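A.B. asks: got a predicted structure here, sequence first:
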Amino acid sequence: MSETQRDAVWAALPQRLAALSVRVRLLPWIRDELVDWVRDSIVARQGTWVIGAPGAFGEFPTMGDAPIDVCVEGGVVTAKRADAAFRLAINEKVRAFAFAEGAPIVLGLPRGRAAMPSSASLQSLGPDTGAIDAVRRGDLLFDIGIGRRYTRFCVRTGNQALISSLSALDRRHWSDFMPVMLPQLIAVSAHRVVESSSGRIEVFAPIPGPEQTSTNGACTHFLPEFLKSGEDIPRVLAPPDYAAPVAIFYPNKI
């Protein structure tokens, strides 16, 4: 086919997919194209990156005027703002899945490659050697224990009182300790770290109290009522059965 013919087919794809009731489609992006797209989505402030599961996830927004430093090295995109940091490693196995024009885009890996160590109860992971900022790699990381296959929700701290409190609750389910620990987590404003096998979002913004709402900046959400579903991703954004999610991009609403 000529270039013009290929463009015509590509332009007709949305209508064809709708007619066939195709819910999700694989975008034809190779690794370098994915890296460029992830970088551009941040530099051009096109939306919000999310990592996590329904009920326990982190958000790295790009909108607004907050300065964002972006670095690309060896297929790894790293972005930093005052209240958060984001890192996404793109290898040859990462794929992008689209659902509709202007809808979120899900990045996924084959299920076997997307699985990561996680716990169904509170567990100390030791020093956070994977911290985006090297000065935080001596702080301790605790897996809260949401028990998901492809993501984990953690808190990170160098505060000795908080470390002692969390260590004393080792192997306890989050539903047992979270109501007790929440005031101390808020007071210390422990960093929240949400990870997948390819991505990480670290949020440093203060944790809002029970009667407060999150700011317009970076934030995390820990919502027990949604964790009960056991889902790894909202059903409407689930990739094909052979893939598992590692990050979601939500474009700005026009």
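C.D. replies: Thanks, I have it. Numbering: from 1, shown residues only.
A.B. asks: only C-alpha atoms from now on, for both contacts and neighbour counts.
C.D. replies: OK.
A.B. asks: what secondary structure does Pro183 sit in?
C.D. replies: Following DSSP: H, G, I helix; E, B strand; the rest coil, we place Pro183 in the helix state.
A.B. asks: for it, grab the count of nearby residues.
C.D. replies: Using other CA atoms under 10 Å, Pro183 is surrounded by 14 other residues.
A.B. asks: could you do Arg148 as well?
C.D. replies: Neighbour number of Arg148 under other CA under 10 Å is 21.
A.B. asks: ok, now Gly158?
C.D. replies: Using other CA under 10 Å, Gly158 has 17 neighbouring residues.
A.B. asks: residues touching it, list them.
C.D. replies: 138-140 (CA atoms under 8 Å, 6 or more residues apart in numbering).
A.B. asks: also Leu223?
C.D. replies: Leu223 neighbours (CA under 8 Å, 6+ apart): 55-56.
A.B. asks: looking at it now. What's its pLDDT?
C.D. replies: On pLDDT, Leu223 comes in at 93.
A.B. asks: now the contacts of Gly158: which count as buried?
C.D. replies: Buried members of the contacts of Gly158, scored by 16 or more other CA atoms under 10 Å, are 139-140.
A.B. asks: pLDDT below threshold where in this protein?
C.D. replies: 10, 13-22, 212-215, 254 (pLDDT under 70).
A.B. asks: just the helices from it, written as ranges.
C.D. replies: With DSSP state H as the criterion, the chain has helices at 3-19, 31-43, 111-114, 160-168, 174-188, 224-227.
A.B. asks: and the ones you listed, which is most packed in?
C.D. replies: Of the helices of the chain, the one with the most neighbours on average (mean count of other CA atoms under 10 Å) is helix 31-43, at a mean of 17.
A.B. asks: please enumerate residues in contact with that helix?
C.D. replies: 47, 62, 68, 70, 72, 75-77, 79, 90-92, 94, 96.
A.B. asks: what is Phe60 paired to in the beta sheet?
C.D. replies: Listed by DSSP bridges, the beta-bridge partners for Phe60 are Trp49.
A.B. asks: count of residues packed around it?
C.D. replies: The burial count for Phe60: 27, using other CA under 10 Å.
A.B. asks: now the residue nearest the centre of the chain, nearest residue through space, not along the chain?
C.D. replies: Of all residues in the chain, the one closest to the mean position by CA atoms, centre = their mean is Ile51, 1.1 Å from it. Excluding the flanking residues, the one nearest Ile51 by CA to CA, 6 or more residues apart in numbering is Ala247, at 4.9 Å.
A.B. asks: same deal with Ile146?
C.D. replies: Nearest to Ile146 is Ala120, by CA to CA, 6+ apart, at 5.4 Å.
A.B. asks: ok now do that neighbour, which residues does it touch?
C.D. replies: Here Ala120 is in contact with 145-148, 173 (CA under 8 Å, 6+ apart).
A.B. asks: circling back to that earlier point, doesn't Ala53 make contact with the residue nearest to Ile51?
C.D. replies: No - counting by CA atoms under 8 Å, Ala247 stays clear of Ala53, with 9.9 Å between them.
A.B. asks: so these two - more neighbours on which side?
C.D. replies: Shown here are Ala247 and Ala53; by other CA under 10 Å, Ala53 has more neighbours (30 against 26).
A.B. asks: across the sheet, point out what pairs with that one.
C.D. replies: Beta-bridge pairing for Ala53 (DSSP bridges): Ala56.
A.B. asks: doesn't Arg149 make contact with it?
C.D. replies: No - contact criterion CA under 8 Å: Ala53 and Arg149 do not qualify, at 9.7 Å.
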